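Undergrad: turn this into a model:
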Amino acid sequence: MTDLTIRHHGAAGMRAMREEILALYTEVYAGQLADPFRTPERFWDRLDAYANRDGFAMVTGHADDDLVGFALGYTLPENSRWWTGLQGPHADDEEFTREDGNRTFAFNELMVHPSRRGHGFGHALHDALLRRRTEQRATLLVRPDNEPARSAYLRWGWRMIGTVKPFTDSPIFEVLVLPLR
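TA: Next up is the predicted model:
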């Protein structure tokens with residue numbers, strides 16, 4: 001197995017890697033780029049918005065000097081809209097959905113090049129991103145039909161708490177939560 005070198009980045013580091021990140025994105029989503037929600041420009045707009053948030057962090061994985069994958073996220077701000085439209089047992093639980101700017105880390109992206117999957121790189125990136133977090137919990141969204149990712153998250157200790165449609169043109173996602181402390 002090729003060794004994975006993990007590097008930590010803030011917003012400026014992510015922006016400096018724009019071309020590499022978008023090249024990886026177009027490989028991963030090659031069959032879906034015609035969907036307006038999946039265009040590289042729309043994806044970059046989302047990443048750029050995440051990078052402007054407090055608590056933003058990104059890790060990249062490199063093997064043989066090539067970008068293999070990345071993971072990133074940010075701390076949900078006070079009164080975050082993250083939970084808006086949540087369907088499930090916690091939908092009306094104000095204590096569960098309350099954010100104070102320190103409570104929850106939004107794990108926004110985990111992406112590994114298709115040719116590099118199956119070597120534990122995704123799990124390594126996942127753990128590297130979460131290892132330094134000080135929040136009580138993390139949350140993420142995963143498509144129900146993305147069985148490889150969904151299964152991995154559940155194996156890694158995440159639990160499904162409901163569904164949400166975060167954007168008018170996005171698919172419905174499952175909402176997962178992981179305690180961090």
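Undergrad: how near is D3 to D127?
TA: 16 Å (Cβ to Cβ, to the nearest Å). To be clear about C-beta, it is placed using only N, CA and C from the backbone, and glycine gets the same treatment.
Undergrad: and the two? Which one has more around it.
TA: More neighbours surround D127 than the other of D3 and D127, with 14 against 7 (other Cβ atoms under 10 Å).
Undergrad: which other helices and strands contact the helix or strand containing P148?
TA: Per DSSP states H and E, P148 falls inside helix 147-155. If contacts are counted by 3 or more Cβ pairs under 8 Å, 6 or more residues apart in numbering; DSSP states H and E, helix 147-155 sits against strand 137-142, strand 173-179.
Undergrad: mind giving me the packing neighbours of the first one?
TA: Strand 137-142 sits against strand 104-112, helix 147-155, strand 173-179, with contacts defined as 3+ Cβ pairs under 8 Å, 6+ apart.
Undergrad: got it, and the longest one?
TA: The criterion is 3+ Cβ pairs under 8 Å, 6+ apart, and the helices and strands that strand 173-179 contacts are strand 137-142, helix 147-155, strand 159-164.
Undergrad: ok, now with 6 Å
TA: strand 137-142, strand 159-164 (3 or more Cβ pairs under 6 Å, 6 or more residues apart in numbering; DSSP states H and E).
Undergrad: with just CA atoms, put that strand into CSV.
TA: The C-alpha coordinates for strand 173-179 follow below in CSV (Å, rounded to 0.1, in the frame of the first residue of the first chain):
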residue,chain,number,x,y,z
PHE,A,173,-29.9,13.5,2.2
GLU,A,174,-29.8,11.4,5.3
VAL,A,175,-28.5,13.3,8.4
LEU,A,176,-25.9,11.5,10.5
VAL,A,177,-24.4,12.5,13.8
LEU,A,178,-21.3,11.4,15.7
PRO,A,179,-20.4,12.2,19.3
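Undergrad: that strand vs helix 147-155, what angle?
TA: Per axes from the mean of the first three to the mean of the last three Cα atoms, to 10 degrees, the angle that strand 173-179 makes with helix 147-155 is 30 degrees.
Undergrad: next: the first one.
TA: Comparing the axes of strand 137-142 and helix 147-155 via the same axes, to 10 degrees yields an angle of 160 degrees.
Undergrad: contact partners of strand 137-142?
TA: For strand 137-142, contacts defined as Cβ atoms under 6 Å, 6 or more residues apart in numbering pick out 104-107, 149-150, 173-174, 176-180.
Undergrad: go again with 7 Å.
TA: By Cβ atoms under 7 Å, 6 or more residues apart in numbering, the surrounding residues in contact with strand 137-142 are 82, 103-107, 130, 149-150, 153, 164, 166, 173-180.
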